[in-house]
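In: What follows is a predicted structure for the sequence shown.
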Amino acid sequence: MGKKIIKIVALSYTEAILFKSDLELAGIECFLKNVNLIQPDIGSGVEVWISNNDADNALQILDDIKKRLDKVKNPRKKTSQIKKILVPVDFSEHSKNACLFALDFAEKLKAEIHLFHVYFNPAVDIQFYDDIYAYQAKLDEYFKEVESYAEEALKSQAQTLKDQIKQKKIKGVKVNYSMTSGIIADEILTLNRKYQPGLVVLGTKGKGEKINDIVGSVTAKIIKNSDVPILAIPSEFTYSNMKAISNILYATDFDDSDPSSLRKLMSIVAPFDMKIFCVHFETEHPESWEELYLEGLKDIINDACRDYKVECDLVESIDIMDSLDLFIEHHDIGLLSMTTHKRNIIARMLNPSITKKIFEKSNIPMLVFHD
């Protein structure tokens, strides 16, 4: 059979744009007909045309598209399913900052807060002891002191949160805690799987502090291996309350997980009055389909919850990091959000040095979803 161009389906504007994007990612050439750029929802539907040789693969992609869209079309009201918030703490100022952030989220979401501390048994210089029992006793005593300090500090931090809940007369929020010894990232991921929170809030170190802790390897490992959204809060972020965060930047690289990530984002910020900027940073001149794709994402956000204020932009720049910083400054962005994926810009941002640059330059929280 020779190659023919066929109409495979007629879809709504939003569905057609997402379908076209996925087809092109799969290497399938296609074009659209009947696209009404002024009133995209009016008419008999947008026709998607492809080669008949690609029909089988295209139909499978279409089925996946419809399944994803089904997940984002409900609910239409601003509601959240997050009932548990995990907050790893190390008793530093930046983890206390994370606790305050988590408390405001918990108050609106009526969620439980679980504080979690991992104390690491540090390596001790091994010296020669004539009496091995005396050495073991000294080592055991040292580890008990470390554990005892951690337990008291954790109780104190939990009590501080409980006192704030009582003082502010917050209803429906409980605080509990646990601790263990081990490697920080591994233990957080283990508890993550057992506790199954809806959100993990991490405090990060600030300028001048070692990057090899939570900003770098620990956060990167947690983001890479966790299915739970991670909210990383830089210690330099001046926190007052959630009312100060009015604008959110969702950075997209046209990934097929954008619809589900946007729905998760809306679920987390549902109780707050925030505007979402859905932005793609382009190093080359934007193509027409990219503008259409952004309009499709805007339709998805509006369809999932009509009360949201949404603005979609294409930003062309040679340096993505500089453009990101300028956009954050000019649009008063209070929260940066993105999805981890090998094709996404977060793959480059997870490099510790670049992550540090983001926190130091933007000085705002970053909410990351893992695809």
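Out: Noted; the coordinates are in hand.

In: May I ask which helix or strand of the chain has the lowest mean pLDDT?
Out: Least confident helix or strand, the chain: helix 346-349 with a mean of 47, by mean pLDDT, DSSP states H and E.

In: Correct me if wrong: residue 242 contacts residue 102.
Out: No - Residue 242 is beyond contact range of residue 102, at 10.9 Å (criterion: Cβ atoms under 8 Å). In short, each C-beta sits where N, CA and C put it, glycine included.

In: what about those two, which has more around it?
Out: Just comparing residue 242 and residue 102: by other Cβ atoms under 10 Å the higher neighbour count belongs to residue 102, 27 against 20.

In: which strands and helices sit next to the helix or strand containing the more buried one?
Out: Per DSSP states H and E, residue 102 falls inside helix 93-109. In terms of contacts (3 or more Cβ pairs under 8 Å, 6 or more residues apart in numbering; DSSP states H and E), helix 93-109 is packed against strand 84-88, strand 112-119, helix 132-167, strand 199-204, strand 230-234.

In: any idea where the strands of the stretch 151-300 of the chain begin and end?
Out: 175-181, 199-204, 230-234, 247-251, 275-282 (DSSP state E, counting those that start in this stretch).

In: Can you tell me, leaving aside adjacent residues, what's nearest to residue 119?
Out: residue 150 (4.4 Å; Cβ to Cβ, 6 or more residues apart in numbering).

In: wait, I meant residue 105
Out: residue 85 (6.2 Å).

In: quick one: that neighbour and residue 115 touch, right?
Out: No - using Cβ under 8 Å, residue 85 is not in contact with residue 115; the gap is 9.8 Å.

In: which SS class is residue 318?
Out: Classification of residue 318 using DSSP: H, G, I helix; E, B strand; the rest coil returns coil.

In: And for the one 3 residues further on?
Out: Under the three-state scheme (three-state DSSP), the conformation of residue 321 reads as helix.

In: Report how many residues lie close to it.
Out: For residue 321, using other Cβ under 10 Å, the count is 17.

In: Then the one 10 residues further on?
Out: When counting by other Cβ under 10 Å, one arrives at 16 neighbours for residue 331.

In: Which pLDDT value goes with it?
Out: The confidence metric pLDDT takes the value 89 at residue 331.

In: In the sheet, which residues pair with the closest residue to residue 188 other than its chain neighbours? Tell me.
Out: Counting by Cβ to Cβ, 6+ apart, residue 188 lies nearest to residue 88, which is 5.3 Å off, once chain neighbours are set aside. Beta-bridge partners for residue 88, by DSSP bridges, are residue 116.

In: could you pull out the helices for the stretch 201-350 of the chain?
Out: 219-225, 258-269, 288-304, 320-330, 346-349 (DSSP state H, counting those that start in this stretch).

In: most tightly surrounded among those?
Out: helix 258-269 (a mean of 23; mean count of other Cβ atoms under 10 Å).

In: Run the angle between it and strand 199-204 for me.
Out: Angle between the axes of helix 258-269 and strand 199-204 is 80 degrees (criterion: axes from the mean of the first three to the mean of the last three Cα atoms, to 10 degrees).

In: thinking again about what came up before, so what's the residue nearest to residue 105 up against?
Out: By Cβ atoms under 8 Å, 6 or more residues apart in numbering, residue 85 lies in contact with 102, 105-106, 109, 111-114, 197-201.

In: Pick the one among those closest to residue 162.
Out: Nearest to residue 162 among the contacts of residue 85: residue 113, at 9.7 Å, using Cβ to Cβ.

In: right, and the closest one touches residue 106 too?
Out: Yes - at 5.2 Å, residue 113 counts as touching residue 106 under the criterion of Cβ under 8 Å.
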